[in-house]
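Visitor: Quick one: sequence and predicted model below, then my questions.
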Amino acid sequence: MPQPPILKVSEIFASVQGEGLRQGEPTIFVRLIGCNLRCNFCDTKYAWEGGDDISVQQVIEQVKQQHKEFPANWVCITGGEPLLQDIRELAQKLKEKDLKIQIETNGTRFQKLPVDWYSVSPKPDNYFVHPELIRITREVKLVVTEELDFDVVRKIRQKFPLATPILLQPESNKDKFRQKGIKLLKNAAEDGLKNLRLSLQLHKIYGLQ
Ligand code: SF4
């Protein structure tokens, strides 16, 4: 039996960060189970339910194992929505190992954690973001989908500090959403909105996990 605290875990693997401004950097991913949203474009639906009960200590052991195969200074805790589970002890123990921590969150939840890089990706319908995250997130990823329109882009730009970049990330790199991303970027420039940029999911181009 795993010893508490226990986390529900989908997978732990070493790869390269494919999204956001940390794109291209070697990273060990800890994907936790569960999400409070049900986006129809979700590409990690397998992490909504199921998974394994693993103690924090076992997660650390697996991270160490992955680190032997692919030494990476960063651990990205992702999901699903990773902040649905209490990850304070996990974050603390990763810090003790001198690893940098990134959290990929939909922005609806908050925990006080020793995190180096929050990556917030607000989601439809209401694109809610917890007030504590607005100031500290290093980047905002907006998935360019059928639903995303310019009003949302404008509201999100106005919500976050100007120094925080907003990345327009086409759903699964699809051509029609890349075209839409270009259009949104142009609309933003015409409207005087600053610090927006186009993005892609690099891991899908490289065929990585
Ligand atoms: S918030 Fe993220 S993990 Fe949750 S359903 Fe939406 S895309 Fe999937």
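Guide: Good, I have the coordinates.
Visitor: can we go C-alpha only for contacts and neighbour counts from here?
Guide: Fine.
Visitor: Asn195 and Leu168, how far apart?
Guide: Using C-alpha to C-alpha, to the nearest Å, we find Asn195 at a distance of 11 Å from Leu168.
Visitor: Between these two, which is the more surrounded one?
Guide: It is Leu168, of Asn195 and Leu168, that has more neighbours when counted by other C-alpha atoms under 10 Å, with 26 against 15.
Visitor: Could you tell me which residues make contact with that one?
Guide: By C-alpha atoms under 8 Å, 6 or more residues apart in numbering, the contact set of Leu168 is 141-144, 181, 185, 196-199.
Visitor: For it, give the beta-bridge partners.
Guide: Beta-bridge partners for Leu168, by DSSP bridges, are Leu142, Leu198.
Visitor: Please, where are all the strands along the protein?
Guide: Under the criterion DSSP state E, the chain contains strands at 6-16, 26-32, 52-55, 74-78, 100-105, 117-120, 139-144, 166-170, 196-198.
Visitor: Contact residues of this protein facing the ligand?
Guide: Within the chain, the residues that sit near the ligand (C-alpha under 6 Å from any ligand atom) are 35, 37-39, 42, 44-45, 79-81, 106.
Visitor: Now Glu89: closest residue in space, sequence neighbours ignored.
Guide: What sits nearest to Glu89 in space, not counting adjacent residues and going by C-alpha to C-alpha, 6 or more residues apart in numbering, is Val56, at 7.2 Å.
Visitor: The one you found reaches Lys8, doesn't it?
Guide: No: at 9.9 Å, Val56 and Lys8 do not qualify as touching, with contact defined as C-alpha atoms under 8 Å.
Visitor: Have a look at the two and say which one is more surrounded.
Guide: Set side by side, Val56 and Lys8 give different neighbour counts by other C-alpha under 10 Å, the larger being at Val56 (23 against 20).
Visitor: how close does the more buried one get to the ligand?
Guide: 21 Å (C-alpha to the nearest ligand atom, to the nearest Å).
Visitor: got a list of what that residue touches?
Guide: Residues touching Val56, when contacts are defined by C-alpha under 8 Å, 6+ apart, comprise 4-7, 89-90.
Visitor: can you check Glu146 too?
Guide: By C-alpha under 8 Å, 6+ apart, the contact set of Glu146 is Phe177.
Visitor: farthest pair in the contacts of Val56?
Guide: Pairwise distances across these (C-alpha to C-alpha) peak at 11.4 Å, for the pair Pro4 and Leu90.
Visitor: related to what we said a few turns ago, make TSV from the strands of the chain and add distance to Gly207 to it.
Guide: As requested, these are arranged in TSV below (distance: least, C-alpha to C-alpha, whole Å):
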stretch	distance to Gly207
strand 6-16	11
strand 26-32	15
strand 52-55	26
strand 74-78	19
strand 100-105	20
strand 117-120	22
strand 139-144	20
strand 166-170	17
strand 196-198	20
